[in-house]
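# heads up, no residue letters with this:
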């Protein structure tokens, strides 16, 4: 099968389109014929050698999110059959024509493939963080990085829980945040004053999806570290703030995929590119200016 691989850490130039052996579903696994694979910042961070503890053995096939059609079902797997459309997390790399998965959910037939591939990480992350924060009816949530993919999903899910969301973003994304139901504020110097003006009732919880040095101001606004969670700031432990990492999500993903198919949950798709343009996609991801999710089509 065709796949994007690399055999050493480095810049996007180390990525190669290659012919590699097909994986086959073992116990507890399904194999997907990948239709769309999403690009995440973690992909280029691992490729650069910045996360060596997370890198699989060389040669590496990048990517964790994919949507596709099940074409093999391993021993012990129930509730799914060959021909089913699913979305979820791969264990063999998503930038490929075939990938193995153990954590996945059903894809509605009327859900766009690019959007399906873009959902798993953002949905799992935001459901986990909002649950841990206990965000609910009447809360005011400060969400840093609200216009990013995970942040935007967090905005939408918090609004459906009955929360008021104050979202930090650059001014160019403020109309987008308003369309999602958030009250936008610009990040940068004076952020605390702008948040207090937007939310004179105070901030009940903070979800930091940006990792851009906003924890200190968040602690100030909360009057302590209670009900503050970051998914991106390495200073969390130093400041006594909870850092939250991914957890298995499974078939619950189908519930959110249905919301997306019904137009009740959305993710901006920046570009959909052919598999051979993986290096370009990772460069765009690293630039921070993609304005949405990047998707590869094998």
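All right, it came through fine. Predicted model only: the values in this text are computed from it and were never measured.
# Let me know the outermost residue of the protein.
Residue farthest from the centre of the chain, counting by C-alpha atoms, centre = their mean, is residue 200 at 30.9 Å.
# remind me which residues of the stretch 101-250 of the chain are low pLDDT?
The model of the stretch 101-250 of the chain has no residue with pLDDT under 70.
# still on that earlier bit, now the residue farthest from the centre of the chain: phi and psi?
phi -60, psi -20 (degrees, to the nearest 10).
# Use 39 as the first number for this chain going forward.
Yes, from this point I'll number from 39; that puts the last item at residue 238.
# any idea how far it is from residue 178?
According to C-beta to C-beta, to the nearest Å, residue 238 stands 10 Å off from residue 178. (Each C-beta comes from the backbone N, C-alpha and C, glycine too.)
# One more: residue 66?
In this view, residue 66 and residue 178 are 42 Å apart by C-beta to C-beta.
# likewise residue 300?
Per C-beta to C-beta, residue 300 is found 27 Å from residue 178.
# more neighbours, these two?
The residue with more neighbours, out of residue 300 and residue 178, is residue 178; 20 against 11, by other C-beta atoms under 10 Å.
# In three-state terms, how would the nearest residue to residue 53 once chain neighbours are set aside be classified?
Counting by C-beta to C-beta, 6 or more residues apart in numbering, residue 317 is the residue found nearest to residue 53 once chain neighbours are left out, at 4.6 Å. At residue 317 the chain is in helix, as set by DSSP: H, G, I helix; E, B strand; the rest coil.
# Residue 317 - how many residues pack around it?
Counted with other C-beta under 10 Å, the neighbours of residue 317 add up to 19.
# Contacts only, for it.
If you count contacts by C-beta atoms under 8 Å, 6 or more residues apart in numbering, residue 317 has them with 50-51, 53.
# Select from these every entry located in strands.
Assignment to strands by DSSP state E places none of these there.
# Most neighbours among those residues, which one is it?
residue 53 (25 neighbours).
# I figured that residue hits residue 46, correct?
No. Residue 53 lies out of contact with residue 46 (C-beta atoms under 8 Å); the separation is 10.8 Å.
# what is in contact with the two at once?
In contact with both residue 53 and residue 46: no residue, using C-beta under 8 Å, 6+ apart.
# Just name the closest of the contacts of residue 317 to residue 130, please.
Of all these, residue 130 sits closest to residue 53, with 16.5 Å by C-beta to C-beta.
# Against residue 187, how distant is the closest one?
The gap separating residue 53 from residue 187 is 22 Å, by C-beta to C-beta.
# now do residue 222
As judged by C-beta to C-beta, residue 222 and residue 187 stand 17 Å apart.
# Next: residue 268.
Residue 268 sits 16 Å away from residue 187, going by C-beta to C-beta.
# what does residue 120 give?
Distance from residue 120 to residue 187, by C-beta to C-beta: 31 Å.
# So for these two, which residue has more residues nearby?
More crowded of residue 120 and residue 187, by other C-beta under 10 Å: residue 187, with 26 against 11.
# And for that one, nearest residue in space, chain neighbours not counted?
Using C-beta to C-beta, 6+ apart, the nearest residue to residue 187 is residue 160, at 4.8 Å.
# And the strands in the stretch 139-288 of the chain?
Ranges of strands in the stretch 139-288 of the chain, per DSSP state E, counting those that start in this stretch, are 178-182, 202-207, 221-224, 243-246, 266-268, 280-281.
# Tabulate those strands in a markdown table, adding columns for distance to residue 305.
Formatted as a markdown table, the strands of the stretch 139-288 of the chain follow (distance: least, C-beta to C-beta, whole Å):
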| stretch | distance to residue 305 |
| --- | --- |
| strand 178-182 | 15 |
| strand 202-207 | 15 |
| strand 221-224 | 18 |
| strand 243-246 | 17 |
| strand 266-268 | 21 |
| strand 280-281 | 24 |
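# My guess is residue 191 contacts residue 162. True?
No. Applying C-beta under 8 Å, one finds residue 191 not in contact with residue 162, separated by 9.6 Å.
# who has more neighbours, the two?
For residue 191 and residue 162, the more surrounded residue by other C-beta under 10 Å is residue 191, and the numbers stand at 27 against 24.
# Which residue is the nearest non-sequential neighbour of the more buried one?
Among residues not flanking residue 191 along the chain, residue 160 sits closest, at 4.1 Å (C-beta to C-beta, 6+ apart).
# Could you do residue 104 as well?
residue 132 (4.0 Å).
# Count the residues that sit near the one you found.
Residue 132 is flanked by 31 other residues according to other C-beta under 10 Å.
# what sits against it?
Contacts for residue 132 (C-beta under 8 Å, 6+ apart) come out as 72, 75-76, 99-104, 155, 334.
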